[in-house]
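Colleague: attaching a predicted model along with its sequence, questions to come.
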Amino acid sequence: MASLQTTAILSSSFSSLPKVNASLHVPLPPRVVTHSVPKLPKRKLQIDQFNGSLEKNAVTKRIYEDLCSPSNKSNKATIQLYAILEEVADRIEMHRNIGEQRNNWNTLLLNSINIITLTATAMAGVAAATSGDTAPLFAMKLSSTLLFSAATGMSLIMNKIQPSQLAEEQRNATRLFKQLHTQIQTTIAIGNPTEEDVKTSMEKVLALDKAYPLPLLGAMLDKFPAKYEPAVWWPSSQFQRRSKREESNRNRINGWSEDLEMELREVIEVVKKKDLEDYERLGNIALKINKSLAIAGPLLSGIAAVGSSFVGNGSWVALVPLVAGSLASAVNSLEHGGQVGMVFEMYRNCGGFFTLLEESINATLEEKNMDKRENGEVFEMKVAMKLGRTVSELRRLASKSASCRIQGIAVDEFASKLF
């Protein structure tokens, strides 16, 4: 009963409280108005794209025709120079790859010939120590003879082609083609190239191809010429006189003066009397050494091949293949390991560098029209840089040469400080 009374009291108390009504009003999101985009027919889009491509091709064709038109010779020459530039870049890659290949030839052939020669020498020694006319003795003699014969044939081929010299030729060609590549780029960057620039670039490319041929058969350079001659990689028409000789005033015009001309003539005298003569002497020495070693290597291995077939007939006969085989291996190592052919080619290239410098200076000085010459101060700086000197050092060398010539003594200094 007590619990019923308590419940009734609580119910009456809650019913007497005031009622609170609460409500939440959330704003509605704004309505999104959609607009429908009209779709173009598919066929109309294709027609518009086709017309646009035709217009683009027509513009491109018109631009190309304008560039190649006779009235626009400068742009036509630029296109031709870019075409030559692509060919020069291709030749750089070709000479680089072939140079690496021929350098590998030198290493592999030298190691193979030495291994074959030393193996044949060891077999000849074992055959000499074998007593009696037995089958092992015959097998050793035959194997040694065959190995010596193979080494002789390989030595003849290797000495004929001179792989180290071939590799040096390709390295020089790569460097010179890179130089030509830079010259053509400079001509294009300066602007307004002419047909003469195109002709000159083509002649330089062809002259380099002739000076450093890629094939071995037929076009390979003579590795054993009668005498040393500098390499020539520039066209013969490069330094032809382009104007008649005519008198001009000796004032400073286009950076040139009489003192500068005398200075360059003295530098040329030093180049001819010191640098060119020295490289000619060294080139002839390297050529003679290379010829001697090229003959001695196959000759010694051939003697060893003949001597190994007579091993067992006497104690002194056994010494012939042993001594000759050892000497043949030493000679081959000296010739191809020391890369004597590469040294000779390096001397030829250095001689060609000084010959080119001499011809370029003489051709510039023979041009009597000062305005047609390259700027004198720039030309002087180029000559100084090619010889590894500053401009002041070049002038000092010229004055020293003049004073020595007046006194009747030889100048005791080389023109180049590079090599």
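Modeller: Nice, thanks for sending it over. Numbering: from 1, shown residues only.
Colleague: quick check: end-to-end length of stretch 308-320?
Modeller: 8 Å (Cα to Cα, to the nearest Å).
Colleague: what residues of that stretch count as buried?
Modeller: By neighbour count, with 16 or more other Cβ atoms under 10 Å as the criterion, the buried positions of stretch 308-320 are 308, 309, 311, 312, 318, 320. C-betas here are computed from N, CA, C, even on glycine.
Colleague: quick one: neighbours of residue 378, just the number.
Modeller: 11 (other Cβ atoms under 10 Å).
Colleague: in this structure it contacts residue 255, no?
Modeller: Yes: assessed by Cβ atoms under 8 Å, residue 378 is found in contact with residue 255 at 6.9 Å.
Colleague: for the helix or strand harbouring residue 345, packing partners?
Modeller: When elements are assigned from DSSP states H and E, residue 345 belongs to helix 340-366. Under the contact definition 3 or more Cβ pairs under 8 Å, 6 or more residues apart in numbering; DSSP states H and E, helix 340-366 sits against helix 163-190, helix 258-270, helix 277-308, helix 376-386.
Colleague: relative to helix 340-366, how tilted is the longest one?
Modeller: To tie it back to what came earlier, the one meant is helix 277-308. 160 degrees (axes from the mean of the first three to the mean of the last three Cα atoms, to 10 degrees).
Colleague: buried stuff in the very next helix or strand once past helix 277-308?
Modeller: The helix or strand immediately downstream of helix 277-308 is helix 319-332, counting by DSSP H and E. By 16+ other Cβ under 10 Å, the buried positions in helix 319-332 come out as 320, 321, 322, 324, 325, 327, 328, 329, 330, 331, 332.
Colleague: let's have those residues in JSON lines, adding distance to residue 214.
Modeller: Listed next are these as JSON lines, based on distance: Cβ to Cβ, whole Å:
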{"residue": "320", "distance to residue 214": "42"}
{"residue": "321", "distance to residue 214": "40"}
{"residue": "322", "distance to residue 214": "42"}
{"residue": "324", "distance to residue 214": "37"}
{"residue": "325", "distance to residue 214": "36"}
{"residue": "327", "distance to residue 214": "35"}
{"residue": "328", "distance to residue 214": "31"}
{"residue": "329", "distance to residue 214": "32"}
{"residue": "330", "distance to residue 214": "33"}
{"residue": "331", "distance to residue 214": "30"}
{"residue": "332", "distance to residue 214": "26"}
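Colleague: next, the angle helix 376-386 makes with the helix holding residue 345.
Modeller: Using the same axes, to 10 degrees: helix 340-366 against helix 376-386 is 170 degrees.
Colleague: could you give the angle of helix 340-366 to helix 163-190?
Modeller: Going by the same axes, to 10 degrees, helix 340-366 makes 30 degrees with helix 163-190.
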